[in-house]
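Visitor: model the following, please.
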Amino acid sequence: MTETKELKINEYIKIKLEKNKTFIYLNNRKFRQCRILLTDFPINELGRINETNSVDEIFFHKNQDFYDLYREFNISKSEEKYETLKETLISPEEEFWGHCSNIQAWVELNYDTRILHSNISFPLLKKLTEIGDKKAKKVFKEEIAKRITSGFTQVTQFLIKEKYSEYLEPEEIEFAFRNLKQVDLNNCKLKEIPEFLLSNKNLESLQLYENQIKEIPERLSGLNNLKTIDLSSNNIQEIPNCIGSLRNLEFLNLNSNKIHIISNSIRNLKSLKHLLLFKNNLRTIPDAIFWLENLEKLKLNYNSICKIPEITPRFKKIRKIDISLNKIKNIPNSFYEIRTIERLNLSNNRLTYISPSIRNFKKLRYLNLTQNSLNEIPNEICRLNSLISLYIDGNNIKKLPESIIELEKLENLGLSNNDLKELPFFLGKLPSLKQITVGNNETMKISNGLKTILKKKKIYLLS
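Guide: Just a heads-up that it's a prediction; the model follows:
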């Protein structure tokens, strides 16, 4: 029979070992099980905790994967997973005394939440406040504010998600956040951008992805130091006028929303380098986007875009454009004036024609035209001297231009699911070719002579 052990910490807290499991009792009532033992206390010889560390941070940085598991155990109480891991740890009795030591130190150091993991320290502190512990009541709100001010993302997310921040008065939580330059509140069930963030003039990075936010408030325009905004995976329908006031913004991620309106003020984002609008409800590309002179990366894939506007882009630094998974039927001549582009993805559209003006893309290294309705590739493809990867799978192409052999840097060529009757012999002359994708095309003939050349040059035929 397993021996029961217990240790009284103070008048409110008692720790018990029952059936090889350690439990915390508050006022003689079982409160919760101590799940995983953390032993790396950042306490110096004077009995003070290091001002720059916490158990959360130490444990997170030492083993991030295990941190995630630990958090999962405390929230979901996944007994099976916990017991599996626990077999590799210390004995139940050693674990019991370890928890006793940790909680004893926590009490002696005035309930400093940095020396226990936040998933246990804050629930404990909250419950002690509720049952009348005066010391707990005195430090409860102070600890919430202090841990937010520390700026450690995982703790801040926990306090917001579990609604501990709601114990602070508006001015208190605003004060706690006011000096933070980076705030990450992803997956915190937020329905709007919190007011306390909109008052933080020092904010440079705002991460609010995977929430339930429906709109971008006008007050966002006051955050003049913002360089990064990630509002992906929310329910936003419109990019409003206020966005144009963020003159220092370099990164804007609005992927996976419901955006169908973009204000022309976006053209004022002179510092913007990355604009990500993947998976929205856009039907057109606003002219204003083509005014973003410093833009380097543009993602508009997975929308309902039917047309690229006939406007000469002012891009000077654009390197990557992805407009795949749309409904585009043609590319205007003005688009071919984008001379700096290195990666272009136009796959899964309704293109029937590629202009000879494609010759302008001198720096293009990657071109994806798969799953369109192209009947041919222009001879001018040979002018793309930097091209390394060319994918034209899933079209209606019957013949390849022989000029393709002038692509001296071409390594990857995708040809599957077209109307090619025979793999052209001249492909064996491509000097840098490493692989050709032909798919499961039983009707495509490959001559023995070409097979010999490809094998000799170690060029792989992929299905």
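Visitor: sketch out the low-pLDDT regions of the stretch 351-463 of the chain for me.
Guide: 441-442 (pLDDT under 70).
Visitor: buried residues in stretch 91-109, which are they?
Guide: Across stretch 91-109, burial judged by 16 or more other C-beta atoms under 10 Å covers 92, 95-100, 102-103, 105-107, 109. Using the backbone N, CA and C atoms, a C-beta is placed for each residue, glycine as well.
Visitor: same question, stretch 452-463
Guide: Result for stretch 452-463 [16+ other C-beta under 10 Å]: buried residues 454, 459.
Visitor: save the buried residues of stretch 91-109 as CSV, and put in secondary structure too.
Guide: Output for the buried residues of stretch 91-109, formatted as CSV (DSSP: H, G, I helix; E, B strand; the rest coil):
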residue, secondary structure
Pro92, helix
Glu95, helix
Phe96, helix
Trp97, helix
Gly98, helix
His99, helix
Cys100, helix
Asn102, helix
Ile103, helix
Ala105, helix
Trp106, helix
Val107, helix
Leu109, coil
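Visitor: run a quick neighbour tally on Asn281.
Guide: When neighbours are defined as other C-beta atoms under 10 Å, Asn281 has 12 of them.
Visitor: that one is in what secondary structure piece?
Guide: Assigned by DSSP states H and E, Asn281 falls within no helix or strand.
Visitor: give the contact list for the nearest residue to it once chain neighbours are set aside.
Guide: Leaving aside its sequence neighbours, Asn281 sits nearest to His260 (C-beta to C-beta, 6 or more residues apart in numbering; 4.2 Å). Residues near His260 by C-beta atoms under 8 Å, 6 or more residues apart in numbering: 237-238, 280-283.
Visitor: looking at these, which is nearest Leu390?
Guide: Closest approach to Leu390 among the contacts of His260 (C-beta to C-beta): Leu282, at 27.2 Å.
Visitor: returning to that earlier point: what's the distance between the residue nearest to Asn281 and Gln237?
Guide: For His260, the distance to Gln237 (C-beta to C-beta, to the nearest Å) stands at 6 Å.
Visitor: residues contacting the nearest residue to Val139 once chain neighbours are set aside?
Guide: Distances taken as C-beta to C-beta, 6+ apart place Tyr111 nearest to Val139, at 5.2 Å, with adjacent residues excluded. Under the criterion of C-beta under 8 Å, 6+ apart, the contact partners of Tyr111 comprise 121, 125, 128, 135-136, 139, 143.
Visitor: repeat that for Leu159.
Guide: 118, 122, 144, 147-148, 165.
Visitor: filter these down to just the ones in helices.
Guide: Per DSSP state H, helices hold the following members of the contacts of Leu159: 118, 122, 144, 147-148.
Visitor: which of the contacts of His260 has the most neighbours?
Guide: Asn280 (23 neighbours).
Visitor: low-confidence stretches in the chain?
Guide: Checking the chain against pLDDT under 70 turns up 1-3, 36-52, 59, 61-89, 441-442.
Visitor: mind giving me the domain split of it?
Guide: The record's domain parsing of the chain by automatic domain parsing lists 5-156, 181-350.
Visitor: winner for burial among those domains?
Guide: Per residue and on average, the most neighbours among those fall to domain 181-350, with a mean of 18 (mean count of other C-beta atoms under 10 Å).
Visitor: and the strands in the stretch 151-300 of the chain, which stretches?
Guide: 182-184, 205-207, 228-230, 238-239, 251-253, 261-262, 274-276, 297-299 (DSSP state E, counting those that start in this stretch).
Visitor: which strands or helices does the second one pack on?
Guide: Looking back up the chat, that one is strand 205-207. Packing partners of strand 205-207 (3 or more C-beta pairs under 8 Å, 6 or more residues apart in numbering; DSSP states H and E): strand 182-184, strand 228-230.
Visitor: the last one pairs with which strands?
Guide: According to DSSP bridges, the neighbouring strands of strand 228-230, each with its direction, are strand 205-207 (parallel), strand 251-253 (parallel).
Visitor: now these as TSV including distance to Lys458?
Guide: As requested, the strands paired with strand 228-230 are arranged in TSV below (distance: least, C-beta to C-beta, whole Å):
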stretch	distance to Lys458
strand 205-207	45
strand 251-253	41
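Visitor: mind listing what's buried in stretch 373-383?
Guide: Using 16+ other C-beta under 10 Å as the test for burial, stretch 373-383 gives 374, 376-378, 380-383.
Visitor: wouldn't Arg314 be in contact with Trp291 here?
Guide: Yes. In this structure Arg314 lies within contact range of Trp291 using C-beta atoms under 8 Å: 5.2 Å.
Visitor: now render the helices and strands packed on strand 205-207 as TSV, adding distance to Ser355.
Guide: Shown next, in TSV, are the helices and strands packed on strand 205-207 (distance: least, C-beta to C-beta, whole Å):
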stretch	distance to Ser355
strand 182-184	44
strand 228-230	36
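Visitor: quick one, what contacts the closest residue to Asn418 other than its chain neighbours?
Guide: Spatial nearest neighbour of Asn418, excluding adjacent residues (C-beta to C-beta, 6+ apart): Ile397 at 4.3 Å. Neighbour list for Ile397: 374-377, 415, 418-420 [criterion: C-beta under 8 Å, 6+ apart].
Visitor: what helix or strand does Ile397 sit in?
Guide: Per DSSP H and E, there is no helix or strand for Ile397.
Visitor: so it versus Ala105, what's the distance?
Guide: Distance from Ile397 to Ala105, by C-beta to C-beta: 72 Å.
Visitor: now do Ala288
Guide: Distance from Ala288 to Ala105, by C-beta to C-beta: 58 Å.
Visitor: ok, now Ile239?
Guide: On the measure of C-beta to C-beta, Ile239 and Ala105 end up 50 Å apart.
Visitor: also Glu204?
Guide: Taken as C-beta to C-beta, the span from Glu204 to Ala105 is 36 Å.
Visitor: ok, Cys306 next?
Guide: Cys306 is 65 Å from Ala105, by C-beta to C-beta.
Visitor: and Ala136, by the same measure?
Guide: On the measure of C-beta to C-beta, Ala136 and Ala105 end up 16 Å apart.
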